Every structure is written in structure tokens, then in C-alpha cells.
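Visitor: With the input below, show me the fold.
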Amino acid sequence: MRTAQKALETSLAYFTAWSGGDMDAALRHVSPDVVVIAPPGRFEGADELRRFMEPFSRTVITSAVVSGFGDDDTALLYYDTSTEVVASAPAAERHTVVDGLITELRIVFDRLPFEQARAARV
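Guide: Numbers count the residues shown, from 1 in each chain. Here you go, the predicted structure:
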């Protein structure tokens, strides 16, 4: 198997685990020193990634990868999730993968639908 497929394979395994609510399995694909760049800011370490992703993963009802691409050491996933809060929450993640572990994770998503849903509940 080519390295490019390995990076995408790692990213897909991570996505499948967290979107299925299994953060322990997801973090097996992540470096302990992962750097995360997301709409709320930059943070470092697998524990911080868990604090960021786990609450969201608990709200996921369904998830689907729309597109996935990889090269020698990066993968890009574009996916959509349906959550308890928002019916459609598309996002994209770019992963740097080294030795089978995600070392950098950049995530892009629209925070506005979540903020609107929370405001509507108040």
C-alpha cells in the first residue's frame, strides 16, 4: 500500500471512531503531542483534542464522509454530520500524518448554526 493511502487510511479511522462516539479509539490514531487549529483557537496535546471533540462527538446522530484525499503525509476529509443540535454540520479537516499518527489537525466548520440553535433554546 502506498504512503498516500496510509495517511488517508489513518484519517478515516480517526473520523470513524470519533464520529461513532469512541474517543479512545480515535485517539489511538493521534500523536500525544498533536497540534490542533480550530475555530476556537490553537491547542496542543491529545488531552486537549479530547476536551474539544468529545462533547461534540456525543451529539452526533449520523456522519458521512463526502470526500477524502491523501498524499504522502497529509489527508483532507470533507464530511457532514447530523447532530442533536444542528441537522447538518459540514466540516473539513486537514491532517498531517507521521508514522501512522496525526500530528497536526486543522478543522474548519461554521459555528453560526450551533450558536443560533443554542440561542433558540434559551
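Visitor: Could you use CA atoms for every contact and neighbour count after this?
Guide: Will do.
Visitor: Can you pull the poorly scored residue ranges out of the protein?
Guide: 1-4 (pLDDT under 70).
Visitor: how about the helices of it, start to end?
Guide: 3-19, 23-27, 46-57, 112-121 (DSSP state H).
Visitor: Mind checking the ones you listed for the one nearest to residue 67?
Guide: helix 3-19 (10.6 Å; CA to CA).
Visitor: hmm, back to that, out of the helices of the chain, which gets nearest to residue 100?
Guide: Taking the helices of the chain one by one with CA to CA, helix 3-19 is closest: 6.4 Å.
Visitor: So which elements touch that closest one?
Guide: With contacts taken as 3 or more CA pairs under 8 Å, 6 or more residues apart in numbering; DSSP states H and E, helix 3-19 sits against helix 23-27, helix 46-57, strand 60-70, strand 74-83, strand 89-98, strand 101-109.
Visitor: Quick check: buried residues in that helix?
Guide: By 16 or more other CA atoms under 10 Å, the buried positions in helix 3-19 come out as 3-12, 14-19.
Visitor: what does stretch 48-60 rub up against?
Guide: Stretch 48-60 has contacts (CA atoms under 8 Å, 6 or more residues apart in numbering) with 18-21, 23, 27, 34, 36, 43, 81-85.
Visitor: ok, of those, which come out buried?
Guide: Among those, those that count as buried by neighbour count (16+ other CA under 10 Å) are 18-21, 23, 27, 34, 36, 43, 81-83, 85.
Visitor: Could you export the contacts of stretch 48-60 as a markdown table, including distance to residue 60?
Guide: Below are these laid out as a markdown table (distance: CA to CA, whole Å):
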| residue | distance to residue 60 |
| --- | --- |
| 18 | 9 |
| 19 | 7 |
| 20 | 8 |
| 21 | 8 |
| 23 | 13 |
| 27 | 17 |
| 34 | 23 |
| 36 | 20 |
| 43 | 23 |
| 81 | 7 |
| 82 | 6 |
| 83 | 4 |
| 84 | 7 |
| 85 | 9 |
